[in-house]
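S.K.: Give me the fold of what follows.
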Amino acid sequence: MRPTLREESRETPPPSHFSFHDRHNLMAQVRKYLEQGRPREAFRLYKHSNRACILSLVPLLAKACGSLGLRECGKSLHAELIKCGVDSDVIVGTSLVGMYGKTAGIADARKVFDGMPLRNVVTWNAMIGGYFRSGDLRSASLLFEEMGMRSEVTWVEMIDGFASSGDLVTARRLFDQVPFEMRNVVTWTVMVDGYTSNGDMESAKEIFEAMSDRNFFVWSSMISGYCKKGDVEQAKAIFDQMTVKNLVVWNSLILGFAQNELSDEVLKAFEQMQSEGFDPDEITIVGVLSACGQAGSLEYGKKIHSMIGSKGINLNQFVLNALVDMYAKCGDLGSARYIFEGMSNRNCACWNAMISGFAVNGQPKEALELFKRMEGSCESPDELTFLSVLSACAHGGFVDEGMQIFSKMENYGLAPGIKHYGCLVDLLGRAGKLREAYKLIKSMPMEPNNVVWGALLGACRIHSNLEMAECVMEEIRALNHKVGSRDQVQYALLSSIYAASDKWEKAEKMRVAMVNNGIQKAPGCSFITC
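M.R.: As a prediction, this is how the structure comes out:
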């Protein structure tokens with residue numbers, strides 16, 4: 001439970017050498033505490049300040065409450081302001097509207113807004129922003145229509161609000177309506193970012209190329225947008241157009257390469273970035289560690305780990321997660337676990353990285369034990385957690401445990417996807433429970449794909465069950481005919497099963513059919529990845 005402002009005030013008063021009458025020093029100290037993530041100390045200073053400083057401190061504290069989600073502290077602040085009789089001040093009221101709008105208190109925000117005797121354009125913008133955050137696009141639009149005066153920020157709020165909700169048609173209509181004198185680089189950038197965030201790179205490029213002036217953010221947005229679409233070549237082409245770059249743009253390229261699993265390109269870009277005089281930050285490090293994990297490059301990963309200390313990079317949650325993930329994927333579970341156990345806070349991504357590390361490195365028991373620990377923590381497992389645990393069960397042969405874990409997904413409000421069913425089929429198939437696996441596939445709430453059927457066919461080969469293999473192959477043929485696919489893996493598998501069962505004539509016929517249909521046997525494949 002978060003502390004209220006009144007509870008915060010019970011702390012020991014600040015040291016006597018601090019002058020509460022020096023407004024400049026007081027604000028500087030409050031800012032420092034907030035920047036350091038120490039709102040408790042900031043509120044303590046506010047409680048011991050005099051009335052003259054209140055109006056200066058309220059915007060800072062209200063903003064902190066909004067940014068950190070401290071709604072109860074914000075409400076306590078509001079109550080104190082009412083007692084002081086300053087709640088009707090336009091700056092104070094605007095700060096409260098913004099705070100409530102950011103902490104899911106939109107009804108309270110509107111109550112403050114309606115009760116203000118005076119409002120300025122910033123007040124209206126704060127209320128509109130609150131409506132967009134709460135998903136109430138209609139109320140935001142109505143308020144926008146009521147405004148007597150609009151600023152550049154008003155138009156940006158509206159364009160960004162609709163674009164963020166996926167309504168690009170309305171966002172573009174508003175963009176086209178922006179008065180010429182208010183159409184600045186930020187307005188253009190928000191429209192471009194709206195398109196890139198929604199994957200419409202063609203429209204994004206149209207706006208981008210029409211811009212007379214561009215900031216680093218819009219370049220970064222274009223690079224990230226192309227990378228999300230998998231068009232890394234176009235992202236690199238945009239990057240190469242820039243005559244002046246900054247760290248944000250480099251990070252967009254590095255993270256984009258990492259998202260597309262181009263680990264070699266990540267490391268090349270990282271080296272080039274440093275050669276051009278840019279020092280990495282936390283975001284850079286996360287991208288490079290991800291690439292090290294993908295490539296299994298433990299030595300380079302250790303080099304980056306050392307760099308974190310030498311460069312004074314903050315070991316925040318994301319960096320620590322990336323270190324755990326890198327060491328786990330590179331097979332150094334000792335280092336991964338050492339970092340994991342030393343973390344004071346672990347989010348779901350961190351638990352997943354460690355559980356997955358145990359699963360893929362042949363330690364299924366440890367993966368299950370860690371999953372039980374996670375269930376007892378304050379962090380709930382997600383879909384990826386269950387994929388990792390089910391994979392561990394499959395590789396460890398833990399059929400009963402796997403079935404029980406699969407049934408727990410509903411307890412966490414999670415609906416199993418086709419990959420979860422695929423892992424369960426793999427689990428049953430490895431254990432020789434082929435009929436149970438077949439029944440499971442036929443009872444799936446979604447249509448099975450070739451990966452799921454392939455997992456069962458692979459199990460048929462392991463257990464030399466020709467009858468079930470032919471049955472599964474009929475299902476695969478029907479599916480391939482339906483989707484117009486010619487997947488060589490299943491044909492090659494069935495041929496191998498025939499050969500293993502001494503059905504040489506059928507095996508040869510299958511291979512001839514593969515050749516006649518233009519299907520080449522793959523040198524090697526995996527049927528399911530959980």
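S.K.: Buried residues, stretch 282-299. List them.
M.R.: Going by neighbour count (16 or more other CB atoms under 10 Å), the buried part of stretch 282-299 is 282-295, 297-298. Where you see a C-beta, it was placed from the backbone N, CA and C, and this is true even at glycine.
S.K.: do stretch 362-372 as well
M.R.: Q363, P364, E366, A367, L368, L370, F371.
S.K.: then stretch 212-231 to CSV, C-alphas only?
M.R.: C-alpha atoms of stretch 212-231 as CSV (Å, rounded to 0.1, in the frame of the first residue of the first chain):
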residue,chain,number,x,y,z
SER,A,212,11.3,20.9,-44.4
ASP,A,213,12.9,20.5,-41.0
ARG,A,214,13.5,17.2,-39.2
ASN,A,215,14.5,16.5,-35.6
PHE,A,216,16.4,13.4,-34.3
PHE,A,217,13.1,11.9,-33.0
VAL,A,218,11.5,11.7,-36.4
TRP,A,219,14.6,10.0,-37.9
SER,A,220,14.6,7.6,-35.0
SER,A,221,10.9,6.9,-35.5
MET,A,222,11.4,6.1,-39.2
ILE,A,223,14.3,3.7,-38.4
SER,A,224,12.3,1.9,-35.7
GLY,A,225,9.2,1.7,-37.9
TYR,A,226,11.1,0.0,-40.7
CYS,A,227,12.8,-2.4,-38.3
LYS,A,228,9.5,-3.4,-36.8
LYS,A,229,8.2,-4.2,-40.3
GLY,A,230,11.4,-6.3,-40.9
ASP,A,231,12.6,-3.9,-43.6
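S.K.: Tell me how far that stretch lies from the chain's centre.
M.R.: 18 Å (CA atoms, centre = their mean, to the nearest Å).
S.K.: residues in contact with it?
M.R.: 185-186, 188-189, 192-193, 195-197, 199, 201, 204-205, 208, 211, 232, 234-235, 238-239, 242, 246, 248-249, 251-253, 255-257, 259-260 (CB atoms under 8 Å, 6 or more residues apart in numbering).
S.K.: Stretch 361-376 too?
M.R.: Residues from elsewhere that reach stretch 361-376 (CB under 8 Å, 6+ apart): 328, 331, 333, 351, 354-356, 358-359, 381, 385, 388-389, 392-393, 395-396, 398, 401, 405.
S.K.: so of these, which ones are in helices?
M.R.: Here DSSP state H is the test, and the contacts of stretch 361-376 give 328, 333, 351, 354-356, 358-359, 385, 388-389, 392-393, 395-396, 401, 405 as lying in helices.
S.K.: And the buried residues of stretch 282-299, which two are furthest apart?
M.R.: I283 and L298 (22.2 Å; CB to CB).
S.K.: Now do stretch 305-315: distance to the chain's middle.
M.R.: Centroid separation for stretch 305-315 versus its chain: 23 Å, with CA atoms, centre = their mean.
S.K.: average pLDDT across that stretch?
M.R.: Across stretch 305-315, pLDDT averages out at 93.
S.K.: May I have it exported as CSV, CA atoms only?
M.R.: As requested, the backbone C-alpha atoms of stretch 305-315 are provided in CSV (Å, rounded to 0.1, in the frame of the first residue of the first chain):
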residue,chain,number,x,y,z
HIS,A,305,29.3,-6.6,-18.7
SER,A,306,32.7,-5.1,-17.8
MET,A,307,31.9,-2.0,-19.8
ILE,A,308,28.8,-1.3,-17.7
GLY,A,309,31.0,-0.7,-14.7
SER,A,310,33.8,1.2,-16.5
LYS,A,311,31.3,3.5,-18.3
GLY,A,312,29.3,4.1,-15.1
ILE,A,313,26.1,2.8,-16.8
ASN,A,314,23.2,2.5,-14.4
LEU,A,315,22.3,-1.1,-13.6
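S.K.: Can you mark which positions in it are buried?
M.R.: For stretch 305-315, burial by neighbour count (16+ other CB under 10 Å) applies to H305, M307, I308, I313.
S.K.: which other residues reach it?
M.R.: Stretch 305-315 has contacts (CB under 8 Å, 6+ apart) with D279, P280, D281, E282, I285, V319, L323.
S.K.: Does the fourth one touch V319 like I think?
M.R.: This means E282. Yes - between E282 and V319 there is a contact at 5.3 Å, judged by CB atoms under 8 Å.
S.K.: can you give me the helices in the stretch 351-500 of the chain?
M.R.: Ranges of helices within the stretch 351-500 of the chain are 364-375, 383-396, 399-407, 418-430, 434-442, 450-462, 466-483, 488-500, based on DSSP state H, counting those that start in this stretch.
S.K.: now for the fourth one, which elements pack on it?
M.R.: Spelled out, it's helix 418-430. Judged by 3 or more CB pairs under 8 Å, 6 or more residues apart in numbering; DSSP states H and E, the packing partners of helix 418-430 are helix 383-396, helix 399-407, helix 434-442, helix 450-462.
S.K.: Turn those into CSV, columns for mean pLDDT and distance to G98.
M.R.: Output for the helices and strands packed on helix 418-430, formatted as CSV (pLDDT from 0 to 100; distance: least, CB to CB, whole Å):
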stretch, mean pLDDT, distance to G98
helix 383-396, 93, 35
helix 399-407, 94, 44
helix 434-442, 93, 52
helix 450-462, 85, 48
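S.K.: remind me which residues of the stretch 101-250 of the chain are low pLDDT?
M.R.: Along the stretch 101-250 of the chain, segments meeting pLDDT under 70 are nowhere present.
S.K.: Show me the helices in it, by range?
M.R.: Secondary structure of the stretch 101-250 of the chain (DSSP H, counting those that start in this stretch): helices located at 106-115, 121-133, 137-146, 152-164, 168-177, 185-197, 201-210, 216-228, 232-241, 247-259.
S.K.: helices or strands next to the third one in the packing?
M.R.: Here helix 137-146 is seen to pack against helix 121-133, helix 152-164 when contacts are counted using 3+ CB pairs under 8 Å, 6+ apart.
S.K.: What residues sit buried inside stretch 449-463?
M.R.: 450-461, 463.
S.K.: same question, stretch 76-83
M.R.: Applying 16+ other CB under 10 Å to stretch 76-83 flags S76, L77, H78, E80, L81 as buried.
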